[in-house]
Each structure stands twice: as structure tokens, then as C-alpha cells.
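Undergrad: What follows is a predicted structure for the sequence shown.
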Amino acid sequence: MTTDRAPLLDGSPKMRAILTIIENIADTDATVLIRGESGVGKDLVARAIHAQSGRRAGPFVKVNCAAIPPGLLESELFGHEKGAFTGAHRRKPGQFEYAHGGTLYLDEIAELPLALQAKLLHVLQDFRFTLVGGQRELAVEARVIAATNRDLERALTRGEFREDLYYRLNVVELRIPPLRERREEIPKLAEWFLARFNAQYGRQKQLTPETLVRLSQHPWSGNVRELENAVRRMVLLTDGEQVFEAQVAHGRTGQAAAPGPARLVTESLREIARRGAREAERKALAEVLERVRWNRAAASRILKVSYKTLLNKIAACELTSPARRVV
Ligand SMILES: Nc1ncnc2c1ncn2[C@@H]1O[C@H](COP(=O)(O)OP(=O)(O)OP(=O)(O)O)[C@@H](O)[C@H]1O
Ligand SMILES: [Mg+2]
């Protein structure tokens, strides 16, 4: 077995369900849309579909739509004729043409400019297109797989992504869950990366059971890619495990409860400010009400709000007067 192959796509019930779908659709030419956070393994899934399809002997061509300047993307995808633009000294085939007989994997599809979305939709109808700056029509025979980590539905409502293209790509949708929702895979993945990096860097590192436990509990907002890099560091650095432990410990002391870190990171500054303001308001309200023995008219005068506003605030903060408190 070569070490750059990833045989670990079946480590959890969620991933096994995805594998079953892959088996069912690999041999069809259905377009597949792969969704999931960054680092969950979308590229691996795309390759797995290709590898299980009748096209496995053909090319697997990946185009990262976010990595190519928008102005060059059309020629990158569909190629250009000689003289199509300044600097086009010869005819250049596009990635669609290179994918003939195989699979074209369009990564970060949400980054495709609207004009190109229209052209792609058109091409997906009959797999015929013209090269940039040309007249001749070309026909290719390829399967298209697209992937994104963006909220495509939101892009639709904002008019950033064409609805017709969305439905055309979305014949089969595979949602790859984040690693924190399939934690049972972590020990196996960690051991697998360990073996791979030990072989690659000529080391004999072992992971202690404590480290494995910590790895299993870590939130992994960067998903499998983050885990892979964490294990790589542990193999490369003499004190790699301690470095990880220190990072984890640091994350924990900064947090009150266990599942905290992921929440803190995803909360925007505005939300944090709002929450802080709400808490401060609640505290002041409770103090004043206590002081005036829940005389609401007096409290509203002290807090300089109308009686009605005060009642609303009391309800919003879920404060109850001692008289009505259930003991
Ligand atoms: N099940 C797995 N087994 C082994 N390695 C994996 C697995 N899943 C992901 N990886 C590794 O994690 C890294 C990220 O995976 P991949 O590039 O497929 O993620 P992605 O979802 O395409 O991320 P992005 O949205 O950033 O493009 C890769 O190095 C890949 O080899
Ligand atoms: Mg990817």
C-alpha cells in the first residue's frame, strides 16, 4: 500500500453512509455536489468517486475556482484559440478538454463569477462549448463533481449564485460532516497519520494514551486537516506532544465549560458585545429591583425608563419578584 492513499473513509457510521451513496452513484454520470467545512475531506471524496467509477482509467482534473484570477478562469476552464487575446500565442486547451474521458472536479464552485456560471450551466447541458476567441465547437465527455464550503443557499438569496446552476450541480449532494461530529474516527486517523509521518520523516514516534484522549476531545475546527498537521508537528518536533498539550490546556483554562472553545471562536465581536450588554443590564435591573423591594414605579424612575419598558425588560431578563418565586 502506498502511504499517500487515504483508506480511512469508513471510520464512522456517518462516513459509511456516504461511502454507500458513493458506491451507488460512482458508475452513473450524475453530477455530484460535495459540501462541508474546510478540511473535512471533500477532495478525498471526489477522488473516491472517480476511483470507483468506470472512468477510473481516465484523468481526474481538479480546478480550484478560488485560486485562479476571475479574468483567467474562462480560458483556464474552456481553453483559448491562438490570438484570442494579447499573449495568446497558441491554442491552449482548457481543463474541460483535459478531463475528457474522466472527471472534472470544480473546487470552491461558489467563487465562480456569475458570467461563468451561465457558461458552465450551458456547457453542462450538452458538454459542447467554444474556446475563448474561437468559433469551433468542441465536445467533451466528462463527469463533473463540484465542491464548496460556502453556504450556497445564502449565496442564492444574495444573487451571488445562479439557482439554475445550483439545481443542475445538485443532482447528488454529499454533505461531509465536520470531524467533531464523527469523533470515533479520531484515534484511527491519528494512528494512520502517525504511521505515515513516521515513515516520511524516518521517526519512530508513539502517541501516549493521554494524547490520544486529548486528540479525541479537541474541537478540531480545522477538521481532518488540522488533525493531520497536529500529528505532523508531534512527529517532527521532539516535544511535539507537550506543545499540543500546552495548547489544549491553554484553550481549556480560557474557558469555563468543556464544549466552549468552538463556540467562542464562532461568536462575532458584535454578539459578544450584545451578550455583555444584556448581562450588565440584567444585573443592574436585579440590583435596583432588590433595593426598592420590587416597587416597579420606583425602579423605572431610578433607571430612567418608562414603566412599560421596565416591565418588558423584567420579562426579557426573566426576572421574578420574590413574592412570585417558586421555592
Ligand atoms: N478520511 C481521511 N483519511 C485520511 N486523510 C484525510 C481524511 N480526510 C481528510 N484527510 C486529509 O485531510 C486534509 C484535508 O482534506 P481535503 O483536502 O480532502 O479537505 P477539503 O474538504 O477538500 O478541504 P478544503 O475545503 O479546505 O478544500 C488532506 O490532507 C487529506 O488527505
Ligand atoms: Mg478541497
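TA: Cool, the structure landed. Ligands and ions are numbered 1, 2, ... in the order given.
Undergrad: Return the distance of stretch 135-155 from the chain's centre.
TA: 19 Å (C-alpha atoms, centre = their mean, to the nearest Å).
Undergrad: and that stretch, is it in reach of ligand 1?
TA: Yes: applying C-beta under 6 Å from any ligand atom, one finds stretch 135-155 in contact with ligand 1 at N149. C-beta here means a position set from N, CA and C on the backbone, and glycine is covered the same way.
Undergrad: and that stretch, which residues are buried?
TA: By neighbour count with 16 or more other C-beta atoms under 10 Å, stretch 135-155 contains the buried residues 138, 140, 142-149, 152, 155.
Undergrad: How about stretch 168-186?
TA: Result for stretch 168-186 [16+ other C-beta under 10 Å]: buried residues 168-169, 172, 174, 176-180, 182, 185-186.
Undergrad: before we move on, the earlier item: tell me the one of the buried residues of stretch 135-155 nearest ligand 2?
TA: A147 (6.0 Å; C-beta to the ion).
Undergrad: just to revisit the earlier point, spatially, which two of the buried residues of stretch 135-155 are the most separated?
TA: L138 and N149 (31.2 Å; C-beta to C-beta).
Undergrad: And the strands in the chain?
TA: 32-35, 60-64, 103-107, 128-130, 137-139, 143-148, 172-175 (DSSP state E).
Undergrad: from the stretch 51-200 of the chain, which residue is nearest to ligand 1?
TA: N149 (4.5 Å; C-beta to the nearest ligand atom).
Undergrad: Okay, L319 and L310: tell me how far apart.
TA: From L319 across to L310, the span is 10 Å (C-beta to C-beta, to the nearest Å).
Undergrad: Put together JSON lines for the buried residues of stretch 135-155, with pLDDT and distance to W220 on each row.
TA: Formatted as JSON lines, those follow (pLDDT from 0 to 100; distance: C-beta to C-beta, whole Å):
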{"residue": "L138", "pLDDT": "92", "distance to W220": "44"}
{"residue": "V140", "pLDDT": "94", "distance to W220": "39"}
{"residue": "A142", "pLDDT": "96", "distance to W220": "34"}
{"residue": "R143", "pLDDT": "97", "distance to W220": "31"}
{"residue": "V144", "pLDDT": "97", "distance to W220": "30"}
{"residue": "I145", "pLDDT": "98", "distance to W220": "25"}
{"residue": "A146", "pLDDT": "98", "distance to W220": "25"}
{"residue": "A147", "pLDDT": "98", "distance to W220": "19"}
{"residue": "T148", "pLDDT": "97", "distance to W220": "20"}
{"residue": "N149", "pLDDT": "96", "distance to W220": "15"}
{"residue": "L152", "pLDDT": "95", "distance to W220": "23"}
{"residue": "A155", "pLDDT": "95", "distance to W220": "26"}
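Undergrad: Dump those residues to JSON lines, plus distance to K119.
TA: Converted to JSON lines, the buried residues of stretch 135-155 look like this (distance: C-beta to C-beta, whole Å):
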{"residue": "L138", "distance to K119": "13"}
{"residue": "V140", "distance to K119": "14"}
{"residue": "A142", "distance to K119": "15"}
{"residue": "R143", "distance to K119": "18"}
{"residue": "V144", "distance to K119": "13"}
{"residue": "I145", "distance to K119": "18"}
{"residue": "A146", "distance to K119": "14"}
{"residue": "A147", "distance to K119": "19"}
{"residue": "T148", "distance to K119": "18"}
{"residue": "N149", "distance to K119": "23"}
{"residue": "L152", "distance to K119": "19"}
{"residue": "A155", "distance to K119": "18"}
